[in-house]
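Student: Got a sequence here, can you build the structure:
(chains A and B)
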Amino acid sequence: MSEPLIEMQNIEKVFLTDEVETHALSNIHLSVGRNEWVSIVGPSGSGKTTLLAILGLLDTATGGQYLLDHKPVQDLSPSDRAHVRNRHIGFIFQSFNLIGDLTVFENVELPLTYRGMPPADRKKRVEDALNRVGMSHRARHMPGQLSGGQQQRVAVARAVAGDPLILLADEPTGNLDSKNGQAVMKLLSELHQAGSTLIMVTHDPAYARLATRTVSLFDGRIVEETGTSAA
Amino acid sequence: MDTLLRDLRFAVRGLLRTPGFTIAAVVALALGIGATTAIFSVVHGVLLRSFGWGDETRLVSVYRTFVGIGSAQGRLSVPELYGLQEARALESYGAINSGTAALQGADRAERVPVARATSGLFAALGVTPQFGRAFSGEEDLEGNDGVALVSAATFRRRFGGDPATVGRSVTLDGRERRIIGVLPEAFRYGSPQDFFIPYGFTTDQRLRQRGAHYLEVVAKLRPGAALKSANEQIEQLSIRFAEAHPENYPPEFHSMLHLEPLRDRLVSSSRQPILVLFGAVLLVLLIACGNVANLLLARSATREREFAVRAALGAERSRIVRQLLTEGLLLSAVGAVLGVMLAAWGLDALLAVAPRQIRQLADVRLDREVLGFSAALTIATTLVFALVPALRASRVDLADSLKDGGRGTGGVSGARLRTALVIAQVAVCLLLLVGAGLLLRSFARVLTVSPGFDAEGAIAANLAPAGPAYADPDVRERYFERALRAAAEVPGVSAAGGISLIPTRGKYGQTYDIEGYQRAAGEPLPTDEFRSVFPGYFPAMRQRILAGRDLSPADDAKAPPVVLVNEAWVRRYLPGHEVIGRRLKIDTDRHRDAWWTIVGVVSDAREYGLDEPVPPVFYYSAPQEPPDFMTVVVRGRITPAALRDALSKVDPAQPVDRVLPLDEVLATSLAARRFPLQLLAMFAALALLLSAVGIYGVTAYGVAQRTREIGVRMAIGASGPAVVRMVLGSALRMVGAGLAIGIVAALAASRLIAAQLYGISAQDPLTYLTLGIGLALVALAASAIPALRATRIDPMSALRTE
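Tutor: Next comes the predicted model:
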């Protein structure tokens, strides 16, 4: 059992819209250890993406406690949250979310520039990351010139270039055909085998089974956990 | 620096990728910044730029008031100028008067701008000639005054910049003058002058002509002297003048000397119209900023996911704001470069139509300070149009925006902001339209005013014979008579006459007494306009003789002195009374304190211009009081060139000046009214165009945002007209709010131009109503395009989007 990297206690998320109160997450207890790969599964509207957004500090929980690498992060200022995202979290989105005006190289470089890293270091890191995903030959291309699978590989390179503590993937194969989907999952497996900690939201039971642990959500609650727990 | 360069590179790439947006934003900014730069160059040139005379804080204008007779900004007489030596607060002082003189060469003469100045003027202004020297005190006096200074521009143009010009001679008004110095390049006082010559004061002028107030006086305060205490000193001095010379300063005149900062004196009449125009052009710039802000808001809405990705990757809010401000600054910079080019071109056009009355206009140019202002304006403009969209864009909902298929566009607050911007644009646009509309209607009213003479088919030409040969009034008179005969003999001329000063060309007053007129207690002697008229003038002008008779050749120097008066004179002094045969007691050079008999009443002419009330005027018979100068007026089928030729032959050494059709003379007199109207109308048109584009943009964006909703409405049975009504309804609600605010703003601001209106109230309801409806129609037209496009939405494809 590895050392816990993420610890969530009694996390709640309530959306208030006009007079309607929606409980997106309730009573979430979750621990994720280093080098663990956790899949989050569940039907649409079960709270998977909301949980991932809170894990990635893109959103804040309404209640509960969230420790990332033993530090409480639920009450951080927006600026500190940006800092944590930049240094400790890598994101892989369903729709890739590459910036269309930037080249492949610049997209991968972007989080490193926010970190204030010197240009020479950035260049080395970007080249390494693109090599890892097999996209170094496309460094000068614009995202629009790439296929979906290639774009997602660039997105993976962007996520790992900063050497984050944790990678968060939201339906990483959702916009890909099966061949490209499998290639991306192979890439994530390689990253996990190389030591990365991964949390992945997916609809696909086959991909979910690649993870070391699966967390099932239903109506905003964890209803089942399979595999080896880190806690 | 690395980050800035990256931001700039991305900004360039992003703007090139969206050429439609970029062109729309740059054109709006170029128009706004260009117009603002052009008008600021006028503000700077006329109101702000240093005159280049050293320590301006110590320079003052000395002027006189005769409160009792309503004279607020009078000039000084020669004895008063010399009397200033008693004012210890003044370090130096001098006088200047701008005018013209005949520059006579071997075979031709031309009239050139020449100023008379005293030696003290150059000392007070701290002007040292670049070659030679300035006037000495002795050269201020008659007999020593055969010298001249030449301006730097004339030095280059006429004398090829040859320093040996100093020592050469020129003939001005028939008198040879030795050039003793060349003034520095930067020196200018009022309108450009070719030469400066001394007054050549006579002993009589210095000691006795205390009542002849014609000197424009400039003084320099001693170091440390405060304006307030200097003013007290100068007022005490004028009290002493009045005590010593009571015959020249009747108590009822309340005569007093005053000081005011020279800059205030020189620019005071231009300040308000120029600042009103500057305010108007800033409003145009604000509308342009509103348009660009709206474009940026719409663009940010489409880039919401990009900002969310940047934020997710660790960009702090300030970092995103900085990126967007860099993009905004790039837009502004490109707009500013184009704008300055537009301003350079527009400034030439603007100065070409500008009235001469605005002093220092010749100094208006796009110089370093103006370009510095443009640079500052570019930054300020960026903050105005880019900051709010940037702050909004940096506040994205990350979780929602990053979802695949997340809403990710604009939101309610963005739509409200865009609507608010359009409301503000409409309000500002109406404000400018009302300003231009009021001035336009005033101008139209002025044009309906009869000048009191028939300007069509008549030509005027100025004659001002100068030189020792014309020092004798009789010689001048004979010259004028020969000129009139020559003019009358030109083939095609049906009538010819002459007068000392035609209407709209200036003022020339005299104090006199009226037989049988009972002045009220404390009312001073009347001071009114007078003219010297040669027979034939009134028929040539088609002014009617309403009572009595016209002046005739029989009213010569030997005949009893006679005058005509105009209708305004009768209304002012003897309404309802018989005036023929009444007498005026007038003190003239030829007739000291003589009684002049009124022999006729002539119809009114608009002496001060179409928009000014007609003053009381009396007309001498010119042979009985020959003027120094005359304007010939001829009527008939002839050209100005033919008239000039005929008059030049009378004495080739004398220039014939300002040979113009009378309707052009009238048009020139309206230049001061036409100039702000033209500019304000141009700004209002620009504002209307920008506002229409803004309304179109917001409506089109709204339709794009509501595509799905419109599709649903159409799917459940909404007809095309119903969709059009819905879209136009939204646009008109927005425009209606803008109009309401605009009317209130226009009512409040219209007092700023109230003084420039004629025959119309600043709250004229017809103007407000017409322009409000007009603006609403333009808004309707701008909204109709997206409204009609909305009816072509295919419900099926609209419902598939999302």
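
Student: Report the mean per-residue pLDDT for the helix or strand harbouring B:Val724.
Tutor: Assigned by DSSP states H and E, B:Val724 belongs to helix B:720-749. Average pLDDT, helix B:720-749: 91.

Student: how about the next helix or strand along the chain from that helix: buried residues?
Tutor: As assigned by DSSP H and E, the chain's next helix or strand after helix B:720-749 is helix B:765-791. Of all the residues in helix B:765-791, those buried under the rule 16 or more other Cβ atoms under 10 Å in any protein chain shown are B:767-768, B:771-772, B:775-776, B:778-779, B:782-784, B:786-787, B:789-791. All C-beta atoms are positioned from the backbone trio N, CA, C, and that covers glycine.

Student: what's the answer for stretch A:196-210, then?
Tutor: Result for stretch A:196-210 [16+ other Cβ under 10 Å]: buried residues A:Ser196, A:Thr197, A:Leu198, A:Ile199, A:Met200, A:Val201, A:Thr202, A:Asp204, A:Tyr207, A:Ala208, A:Leu210.

Student: which residues of chain B score low on pLDDT?
Tutor: Along chain B, segments meeting pLDDT under 70 span B:69-73, B:106-107, B:355-362, B:404-413, B:797-802.

Student: let's go with 50 and repeat that
Tutor: The model of chain B has pLDDT under 50 over residues B:407-409, B:802.

Student: So which bits of it are right by chain A?
Tutor: Taking Cβ under 8 Å from any Cβ of the partner chain as the contact definition, chain B meets chain A at B:2-3, B:6, B:10, B:13-14, B:17, B:305-306, B:308-317, B:319, B:398-399, B:402-404.

Student: Buried only: go through those for me.
Tutor: B:6, B:10, B:14, B:305-306, B:308-317, B:319, B:398-399, B:402-403.

Student: so of those, which ones are in helices?
Tutor: B:6, B:10, B:14, B:305-306, B:308-312, B:317, B:319, B:398-399, B:402 (DSSP state H).

Student: Contact partners for the residue in the stretch 301-450 of chain B that chain A sits nearest to?
Tutor: Nearest to chain A, among the residues of the stretch 301-450 of chain B, is B:Gly314, at 2.2 Å (Cβ to the nearest Cβ). By Cβ atoms under 8 Å, 6 or more residues apart in numbering or on different chains, the contact set of B:Gly314 is A:Ala82, A:His83, A:Arg85, A:Asn86, A:Arg87, A:Pro111, A:Tyr114, A:Arg115.

Student: got the phi/psi numbers for it?
Tutor: Main-chain dihedrals, B:Gly314, degrees, to the nearest 10: phi 110, psi 10.

Student: so where is chain A shaky, pLDDT-wise?
Tutor: In chain A, residues with pLDDT under 50: A:1, A:230-231.

Student: Return the residues of it in contact with chain B.
Tutor: Residues of chain A lying near chain B (Cβ under 8 Å from any Cβ): A:49-50, A:53, A:56, A:58-59, A:78-79, A:82-83, A:85-87, A:91, A:93-95, A:97-102, A:106, A:110-111, A:113-115, A:119, A:158, A:170-171, A:174-175.

Student: Pull out the buried residues from those.
Tutor: Counted by 16+ other Cβ under 10 Å, those give A:49-50, A:53, A:56, A:58-59, A:82-83, A:85-86, A:91, A:93-95, A:97-99, A:101-102, A:106, A:110-111, A:113-115, A:158, A:170-171, A:174-175 as buried.

Student: ranges for the strands of the stretch 401-550 of chain B?
Tutor: B:458-463, B:493-499, B:509-511, B:513-514, B:527-534, B:545-548 (DSSP state E, counting those that start in this stretch).

Student: Kindly reformat those strands as CSV containing mean neighbour count and distance to A:Ile40.
Tutor: Compiled in CSV, these are given as follows (neighbours: other Cβ atoms under 10 Å in any protein chain shown; distance: least, Cβ to Cβ, whole Å):
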stretch, mean neighbour count, distance to A:Ile40
strand B:458-463, 23, 95
strand B:493-499, 22, 101
strand B:509-511, 15, 97
strand B:513-514, 19, 107
strand B:527-534, 23, 97
strand B:545-548, 16, 104
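
Student: And the residue nearest the centre of chain A?
Tutor: In chain A, the centroid-proximal residue (Cα atoms, centre = their mean) is A:Leu168; its distance is 1.1 Å.

Student: May I have the secondary structure class of that residue?
Tutor: What DSSP: H, G, I helix; E, B strand; the rest coil gives for A:Leu168 is strand.

Student: My guess is A:Ala208 contacts A:Ser216. True?
Tutor: No. Using Cβ atoms under 8 Å, A:Ala208 is not in contact with A:Ser216; the gap is 9.1 Å.

Student: closest point of chain A to chain B, which residue?
Tutor: For chain A, Cβ to the nearest Cβ, closest residue to chain B: A:Asn86, 2.2 Å.

Student: tell me the contacts of that residue?
Tutor: With Cβ under 8 Å, 6+ apart, A:Asn86 has these contacts: A:Pro111, A:Tyr114, A:Arg115, A:Gly162, B:Leu313, B:Gly314, B:Ala315.

Student: The same query, at a cut-off of 7 Å, please.
Tutor: Taking Cβ atoms under 7 Å, 6 or more residues apart in numbering or on different chains, we find A:Asn86 in contact with A:Pro111, A:Tyr114, A:Arg115, A:Gly162, B:Leu313, B:Gly314.

Student: Let me know the closest of those to B:Pro615.
Tutor: A:Tyr114 (76.3 Å; Cβ to Cβ).

Student: what about the helices in chain A?
Tutor: A:48-55, A:78-88, A:104-114, A:119-133, A:148-161, A:178-193, A:205-208.

Student: Quick one: closest of those to B:Gly636.
Tutor: Nearest to B:Gly636, of the helices of chain A and by Cβ to Cβ, is helix A:104-114 at 80.6 Å.

Student: Dump that closest one to PDB, keeping only the CA atoms.
Tutor: Extracted in PDB, the C-alpha atoms of helix A:104-114 (Å, rounded to 0.1, in the frame of the first residue of the first chain):
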ATOM      1  CA  VAL A 104       2.200  21.700 -30.800                       C
ATOM      2  CA  PHE A 105       5.400  22.800 -29.200                       C
ATOM      3  CA  GLU A 106       3.900  26.000 -27.700                       C
ATOM      4  CA  ASN A 107       0.900  24.100 -26.400                       C
ATOM      5  CA  VAL A 108       3.100  21.700 -24.500                       C
ATOM      6  CA  GLU A 109       5.300  24.600 -23.400                       C
ATOM      7  CA  LEU A 110       2.400  26.700 -22.100                       C
ATOM      8  CA  PRO A 111       2.200  25.300 -18.500                       C
ATOM      9  CA  LEU A 112       6.000  25.700 -18.200                       C
ATOM     10  CA  THR A 113       5.900  29.300 -19.200                       C
ATOM     11  CA  TYR A 114       3.300  30.000 -16.400                       C
END
